[in-house]
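A.B. asks: Just to be clear, the model below is a prediction. Sequence and coordinates:
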Amino acid sequence: TNGDWNATSPAPRYWRTIQFQNASIDTACTLRRCVISYGGGYPWEENCGVNIIDESLTIDNCTFSNNFYGILNGGVSAPVLTNNTINSSQRLPLAMSLTSSPVFINNSFSFTGSTYDNAIGLFGGTIAADANIPIRSVTGIPNLTYILLQDVIVPVERTLTIQKGVVLKGITHGHRIAVQGKLTANSSADSIIVITSTKDDTYGGDTNKDGALTSPARADWGEIIFESTSDTNSIINFGRLRFGQSHVGAGLITTVKASPTISNCVITDNVYGIYASQLSNPKIINVTITNSQYTPIAMSVCANPTITNVNFINPGWTALGLIGENLAFNGTIKRRNVSGYINITYLLIGNFSVSAGVNVSVEPGIVLKMNDGVHIEINVVSAQRVLLQKVQLYLQDSEIIMWVTRSIQITMDRLHRLDGEIGNILDF
């Protein structure tokens, strides 16, 4: 057509897309026995051969080849896809929004050429309606893996439901699930929900098609964060969460003034498994946390998680982490029996200060150890209590700074230095 014979060759993304928009008439729109190739040019949301937005057309007996994505279902589209063949795509054969609900009947993938050709891509953003991630049987695979392509934000008054048995893989540490509304991931022992790395071949097969050339690692995807507005009935039950967490100031599951239920889960290969910040009261029940780089659980002094039948395997630090922060709420450091340890040790993992007017209590018998170089700073004013009675405090290159505006007395049972020497008793 361009008159140069074999001087040039086509490639994916040479043209943009065929786009069906919300204003189109569903019953009047059909693609049948079409060949659609080399599409998927800029912009991102149109990187596909066919782009369907809030539409429900029929695509039947078509062949897609060498597009960036073969078909992209956006918005609340519900197309019927029957008897189609999606050959090599640059990235994925199919991608869809969380709120779309396409119908797949007798379609096939070539399983050659695509970066991830045995999976469905999931676009995120802020979901505009309640969303559901079900098991999908496409191209002869009874439970096709999903790949998270963007951040997912579940806003207030919206629910994201992940059905039993779903396998969801993250493609980069920058992609996470942020829950401002409700997350329901309620599975069972015979059909667990898995959220892991695209490099993890244990679940969902060899999604990135490289055999054993790459191995999964911490921070291969982001995390699940429950924000302060999230529904207290949010739940992750019978889940396997693996190889996530994008930064040190979070866990593979993070709660911020939130109280979801995390039960019957195995959380592996993380920096922190669960990170309960501010006034969080998550219920952590029957959970195993494995291969944490630091402490399996970290929490604010003002957080009060319920920890029942929780086990730690191969942690970097065998302790409960205390988050370094400027504490703005009253809190108590409680004696806790966790993972077979009676009165498990606490480890302060960052600089910690107590704001003026905030009361902190430390229960008798607590053992508190300090990470290298961290310090505790307490602003003491009238009508404020700092109770450190019968507490063992271990220091390593650390200090306690007291700013006092009235006479107080702090009684400590023992003050230890990690070089084995006993330090001086603090007396004001």
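C.D. replies: In hand now; what should we look at?
A.B. asks: can you give me the helices in the stretch 201-350 of the chain?
C.D. replies: Assigned by DSSP state H, counting those that start in this stretch, the stretch 201-350 of the chain shows no helices.
A.B. asks: how about the strands in it?
C.D. replies: 224-226, 235-237, 239-242, 253-256, 261-263, 266-270, 274-277, 283-292, 297-299, 306-313, 320-322, 326-327, 331-333, 346-348 (DSSP state E, counting those that start in this stretch).
A.B. asks: Run the chain-centre distance for the shortest one.
C.D. replies: Going back to what we said before, that points to strand 326-327. Mean-position distance between strand 326-327 and its chain equals 25 Å (CA atoms, centre = their mean, to the nearest Å).
A.B. asks: what does stretch 75-89 give?
C.D. replies: The answer for stretch 75-89 is 28 Å, by CA atoms, centre = their mean.
A.B. asks: what's the span of that stretch, first residue to last?
C.D. replies: End-to-end span of stretch 75-89 (CA to CA, to the nearest Å): 22 Å.
A.B. asks: Which positions in that stretch come out as buried?
C.D. replies: Across stretch 75-89, burial judged by 16 or more other CB atoms under 10 Å covers 75-79, 81-82, 84-89. From N, CA and C alone the C-beta is placed, and that goes for glycine too.
A.B. asks: still on that earlier bit, buried deepest among the strands of the stretch 201-350 of the chain, which one?
C.D. replies: Ranked by mean neighbour count, the strands of the stretch 201-350 of the chain are led by strand 297-299 with a mean of 29 (mean count of other CB atoms under 10 Å).
A.B. asks: What lies in contact with that one?
C.D. replies: Here strand 297-299 makes contact (CB atoms under 8 Å, 6 or more residues apart in numbering) with 251, 272-277, 280, 284, 289, 305, 307, 310, 320-323, 338, 349.
A.B. asks: Run me through the strand neighbours of that strand, direction for each.
C.D. replies: With DSSP bridges as the test, strand 297-299 is paired with strand 274-277 (parallel), strand 320-322 (parallel).
A.B. asks: and it, how far from the chain's centre?
C.D. replies: Here the centre of strand 297-299 is set off from its chain's centre by 16 Å, with CA atoms, centre = their mean.
A.B. asks: do the same with stretch 229-238
C.D. replies: 13 Å.
A.B. asks: tell me how far the ends of it are from each other?
C.D. replies: OK, stretch 229-238 end separation, CA to CA: 24 Å.
A.B. asks: Quick check: buried residues in that stretch?
C.D. replies: For stretch 229-238, by 16+ other CB under 10 Å, it's Ser230, Asp231, Ser234, Ile235, Ile236, Asn237, Phe238.
A.B. asks: sorry, back to before: which of the buried residues of stretch 75-89 sits closest to Thr196?
C.D. replies: Ser89 (22.7 Å; CB to CB).
A.B. asks: Look up how far Ile147 lies from the closest one.
C.D. replies: Plainly put, Ser89 is 13 Å away from Ile147 if you go by CB to CB, to the nearest Å.
A.B. asks: Need the strands of the stretch 201-350 of the chain in TSV (columns: mean pLDDT).
C.D. replies: Output for the strands of the stretch 201-350 of the chain, formatted as TSV (pLDDT from 0 to 100):
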stretch	mean pLDDT
strand 224-226	96
strand 235-237	98
strand 239-242	97
strand 253-256	97
strand 261-263	98
strand 266-270	96
strand 274-277	97
strand 283-292	97
strand 297-299	97
strand 306-313	97
strand 320-322	96
strand 326-327	88
strand 331-333	91
strand 346-348	91
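A.B. asks: Now distance to Val35 too, for the ones you listed, in a markdown table please.
C.D. replies: Formatted as a markdown table, the strands of the stretch 201-350 of the chain follow (distance: least, CB to CB, whole Å):
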| stretch | distance to Val35 |
| --- | --- |
| strand 224-226 | 41 |
| strand 235-237 | 44 |
| strand 239-242 | 40 |
| strand 253-256 | 46 |
| strand 261-263 | 48 |
| strand 266-270 | 44 |
| strand 274-277 | 50 |
| strand 283-292 | 48 |
| strand 297-299 | 55 |
| strand 306-313 | 53 |
| strand 320-322 | 57 |
| strand 326-327 | 62 |
| strand 331-333 | 65 |
| strand 346-348 | 62 |
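A.B. asks: How about the contacts made by the most centrally placed residue in the chain?
C.D. replies: Centroid-nearest residue in the chain, with CA atoms, centre = their mean: Glu223, separated by 2.2 Å. For Glu223, the contact set (CB under 8 Å, 6+ apart) comprises Arg176, Ile177, Gly244, Gln245, Ser246, Ala250, Gly251, Leu252, Ile253, Thr254.
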